[in-house]
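**Q** Following is a predicted model, sequence given first.
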Amino acid sequence: MALGAFWALLVWSVLGAWYLDAAGSFSPVFAVQLLVYLASVVALLIGLALRNRRLLALAALWCVAGTASCIASTELRAWQESRAQQRGDQIAESLEDYHRRTGRYPASLDKLSAVPRTGLGGFADEPFTYEQRGETYYLSHSAAIFALCTRTPDQSWRCFD
């Protein structure tokens, strides 16, 4: 039974790691999470070898909780980024209205009446980054670790690592 539980948890952990990689979150954070999975697998092996039920239970809890938290954090970040892009689309509409009225894009977002924040960030909403360049602009927000999402009047959102 313990060996069956070990294999089930190992598969659960590998699925969690695959999910993070498929979600495009392969990053230094992913590497740390993978190390946590490997440590929990080692703890499972030691628990099996020593027939230590407490260690097995702790390692199993570590595997399940770690995988669930990784999946939940990835889904939360994806939802936050989608919401940030919807807010950015509102700014883009305001920029286009300004352009239709004046024939140019504003030098800064301060010229617009209401500018929503991204909704990203742990303690305070991050602002959007805006840069006007001649007859175009670049509107950006941070994305997953070390990534940036940008849109222009001609393109919808594109994210880069």
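**A** Yep, that arrived. Residues are numbered from 1 along each chain as shown.
**Q** hey, let's count contacts and neighbours off CA atoms from now on
**A** Noted.
**Q** Toward the C-terminus from the top strand by length along the chain, list the very next helix or strand.
**A** If you go by DSSP state E, the chain has its longest strand at strand 136-142. Next along the chain after strand 136-142, taking DSSP states H and E as the criterion, comes strand 148-151.
**Q** Averaged pLDDT, that next one. What do you get?
**A** The pLDDT scores in strand 148-151 average 88.
**Q** Hey, what's the angle from the helix ranked longest in the chain to strand 136-142? Just curious.
**A** Longest helix in the chain, counting residues (DSSP state H): helix 53-102. Counting by axes from the mean of the first three to the mean of the last three C-alpha atoms, to 10 degrees, helix 53-102 points 160 degrees away from the direction of strand 136-142.
**Q** For this protein, which helix or strand comes out least confident on mean pLDDT?
**A** helix 2-22 (a mean of 59; mean pLDDT, DSSP states H and E).
**Q** Tell me which residues of stretch 61-73 come out buried.
**A** In terms of neighbour count (16 or more other C-alpha atoms under 10 Å), stretch 61-73 has its buried residues at 62, 63, 64, 66, 67, 70, 71.
**Q** mind listing what the nearest residue to residue 55 once chain neighbours are set aside touches?
**A** Sequence neighbours aside, residue 47 is the residue nearest to residue 55 in space, at 5.2 Å (criterion: C-alpha to C-alpha, 6 or more residues apart in numbering). By C-alpha atoms under 8 Å, 6 or more residues apart in numbering, the residues touching residue 47 are 53, 54, 55, 56.
**Q** Lovely, talk soon.
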